[in-house]
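In: Predicted structure and sequence below. I'll ask about it afterward.
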Number of protein chains: 2
Amino acid sequence: MTDSVSSKSLRFRKFRKTGEATLDDFEIVTETHADVPDAHLLVRNIFVSCDPTHRIYLTGEESYVPAFETGGKMPTFIIGEVLKSKLEGHKVGEVVCGFGAWEEYSVLGKEAVLGKCSPDVPLQSNMAVQNPVIGLTAWVGTRRICEISKDKNFVVSGAAGAVGSIACQLGISSGAKVVGICGSDEKCAWLKSIGCHEAINYKKGHVEAELRKACPDGYDGYFENVGGEISEAVLRNMKRFGKIALCGFISHYNHGAAGGYNMQEVLFRRLTVRGFICLDHFADAPECFGELQELLRAGKLECRAHVVDGHEGGKGVEACVEGLVALTRGLNTGKVMVKLGEAPAGYKLA
Amino acid sequence: MTDSVSSKSLRFRKFRKTGEATLDDFEIVTETHADVPDAHLLVRNIFVSCDPTHRIYLTGEESYVPAFETGGKMPTFIIGEVLKSKLEGHKVGEVVCGFGAWEEYSVLGKEAVLGKCSPDVPLQSNMAVQNPVIGLTAWVGTRRICEISKDKNFVVSGAAGAVGSIACQLGISSGAKVVGICGSDEKCAWLKSIGCHEAINYKKGHVEAELRKACPDGYDGYFENVGGEISEAVLRNMKRFGKIALCGFISHYNHGAAGGYNMQEVLFRRLTVRGFICLDHFADAPECFGELQELLRAGKLECRAHVVDGHEGGKGVEACVEGLVALTRGLNTGKVMVKLGEAPAGYKLA
């Protein structure tokens, strides 16, 4: 490798409350990394993540995190090869994951490194499982908030997405009856193939009736990813004392507002609705990651990847905007990620 | 007393989804009670209760309880004098409280009798404190769901109402900073007089800014009685990880729908919103009733009564409709009840 690298990154140029993200919302800045500070790694990014939260960050408003400023980078989960290491326990050539940005190379301090990627697991799967925004979010919502276990009825919206599909499989693995809601017949077929009791294509309508047919007794838990009319239909099918894990409202992120719940249903059915984000649950990460890795190795967890290729196509980090648009349009089945480079020897991409 | 009594009751004649209750929604039926079955009491009702839940029952739709049928009575909490007793532990002349109906006389089985009224407590206060729909509801929402204790910031909407005012005083008694939201300057003055840190008249607007001024750090707990714009303003002032006890949505009961919460606020602030009703919390009744009675005797709990007089005015049970309308218009400060008779010797009404 060369001693210094040029790294392109996307920076906030202007913020956007409504509508789809465009490349024009960002500027591309090149910086040079000659060396790394003590206790840091220089990493060549192989995959960078596109998540619904990025659409929220793009509003420029305070959300889970303080508002961003123009000129700032878009933080994201990355998987990359270590090019330089001044951090104990890490060596050149290994693949790590952690918190970087929409950029070609990341310099990660100790706190930003979340773990190493195992050569026997495809890096694409690690993009979902080791990513707290995905794996930990799915786990906390399913296990801690909805408290899904054997014999519970569990419904997941955005079920073919990265978080939703892991939530479904966590429910299935614990013996619950799992119903997934998604936006195409192809996604439905996939959800059934991974063990969902039923899969409902919301674009065909009748979600409320389909939910009732699938579990006439109603649902103990709801993993909420989308908001809007789907949520209304789910609310009317919840059991008394049911639990709802509010993960996100992807159907609303391009419209500037999250859907209103009919709170009368929440009251009459004595539901508990809890908003949560993975940042508050890092203490659960070892248990979560242990369970997900075990399922993965046992062939009981399928993590599909929607890969936007910034490498072969030559677009580089610009492809991140494309990934975000695919996500908000619901074009993806599984985890959206942008590929920026190849895996080093000994590792497999897919 | 005579051996048999004629008792008028209001029965559902037709149901009403929207608009104010009218007498025309009911028919008045007279029945005669000559005797009572074994293990029952015949009670002359002194006060019968009007509560927001009655507006819900009048929709004829399933709610906390199954839908009613035309011809059925309106169930309610009553306070009355025992005229005949075939129930062990109860004797003629004592005053009991329990579940009767909008009727002049009630025949109560063992399960319907909730307790005896103490001669040293005004019967009006018992109407709030011993009434599960009021006293237990306020207690469960404040203590179990919002978990209000010393140094917490607590906001209550419908704060001058029967439930809201007890919730406020439970918060105050435990050392929390309590802010009440209500609909008139007179109610505000009363809330301040009973110890609220601040009282906000929502009809003057600026609820969101006033809430921020009263507790710039935000609120740990919200006791939700009203819904609508007030709730939106509260949501934007909740602390992270705050708790919301969904008790009711009185601002909506004449309009056929409860307000939609902006769930994005619930998500970003990681709030827990829990719908609850007193029926599920009878196990807490002894602890609740003990605390409320203690506060009452110590002069630390003021239970205001909004008495609609069906006795002196000669309207009888018909006055229940008037009480319900007063409630949905927010004309009341404190517990709405209809007086149907005088207290027996040894008891005080107010």
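Out: Looks like it arrived, so ask away. Numbers count the residues shown, from 1 in each chain, chains lettered A, B, ... in the order given.

In: May I have the predicted confidence score for A:Gln264?
Out: On pLDDT, A:Gln264 comes in at 86.

In: would you say it is within a helix?
Out: Yes: under DSSP: H, G, I helix; E, B strand; the rest coil, A:Gln264 sits within a helix.

In: Return the residues in contact with the residue nearest to A:Val266 when sequence neighbours are not counted.
Out: Spatially, and ignoring its direct neighbours in sequence, A:Val266 is nearest to B:Gly275 (4.4 Å; CB to CB, 6 or more residues apart in numbering or on different chains). Every residue, glycine included, has its C-beta placed from N, CA and C. Counting by CB atoms under 8 Å, 6 or more residues apart in numbering or on different chains, B:Gly275 makes contact with A:Met263, A:Val266, A:Leu267, A:Phe268, A:Arg269, A:Arg270, A:Leu271, A:Thr272, B:Leu246.

In: which other helices and strands contact the helix or strand containing A:Val308?
Out: Using DSSP states H and E, A:Val308 sits in strand A:305-309. Strand A:305-309 is packed against helix A:123-129, helix A:319-328, strand A:335-339, with contacts defined by 3 or more CB pairs under 8 Å, 6 or more residues apart in numbering or on different chains; DSSP states H and E.

In: Swap in 7 Å and give it another go.
Out: helix A:319-328, strand A:335-339 (3 or more CB pairs under 7 Å, 6 or more residues apart in numbering or on different chains; DSSP states H and E).

In: Make CSV from these and add mean neighbour count to it.
Out: Converted to CSV, these look like this (neighbours: other CB atoms under 10 Å in any protein chain shown):
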stretch, mean neighbour count
helix A:319-328, 23
strand A:335-339, 28
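
In: where does chain A have its least confident helix or strand?
Out: Among the helices and strands of chain A, strand A:260-262 carries the lowest confidence by mean pLDDT, DSSP states H and E, at a mean of 77.

In: Point me to the residue of the stretch 101-250 of chain A nearest chain B.
Out: Closest approach between the stretch 101-250 of chain A and chain B, counting by CB to the nearest CB: A:Leu246, at 4.9 Å.

In: Contact distance from chain B - what residues of chain A qualify?
Out: Within chain A, the positions near chain B by CB under 7 Å from any CB of the partner chain are A:63-64, A:227, A:246, A:248-249, A:258-264, A:266-277, A:280.

In: returning to that earlier point: format the helices and strands packed on strand A:305-309 as JSON lines; extra columns: distance to B:Tyr222.
Out: Output for those, formatted as JSON lines (distance: least, CB to CB, whole Å):
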{"stretch": "helix A:319-328", "distance to B:Tyr222": "32"}
{"stretch": "strand A:335-339", "distance to B:Tyr222": "36"}
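
In: so which of those comes closest to B:Asp35?
Out: Set against B:Asp35 and scored by CB to CB, the helices and strands packed on strand A:305-309 come closest in helix A:319-328, at 71.2 Å.

In: And that closest one, what does it pack against?
Out: helix A:52-57, strand A:305-309, strand A:335-339.

In: Strand partners (parallel or antiparallel) of the last one?
Out: If I follow you right, that is strand A:335-339. Sheet pairing of strand A:335-339 (DSSP bridges) gives strand A:40-49 (antiparallel), strand A:305-309 (parallel).

In: CA atoms only: put the longest one into PDB for me.
Out: Once non-C-alpha atoms are left out, strand A:40-49 reads as follows in PDB (Å, rounded to 0.1, in the frame of the first residue of the first chain):
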ATOM      1  CA  HIS A  40      -6.500   4.700  15.700                       C
ATOM      2  CA  LEU A  41      -6.900   2.600  12.600                       C
ATOM      3  CA  LEU A  42      -6.900   3.600   9.000                       C
ATOM      4  CA  VAL A  43      -9.500   1.400   7.200                       C
ATOM      5  CA  ARG A  44     -10.200   0.900   3.500                       C
ATOM      6  CA  ASN A  45     -14.000   0.700   3.400                       C
ATOM      7  CA  ILE A  46     -15.400  -2.400   1.600                       C
ATOM      8  CA  PHE A  47     -19.100  -1.800   2.500                       C
ATOM      9  CA  VAL A  48     -20.700   1.300   3.900                       C
ATOM     10  CA  SER A  49     -24.300   1.200   5.200                       C
END
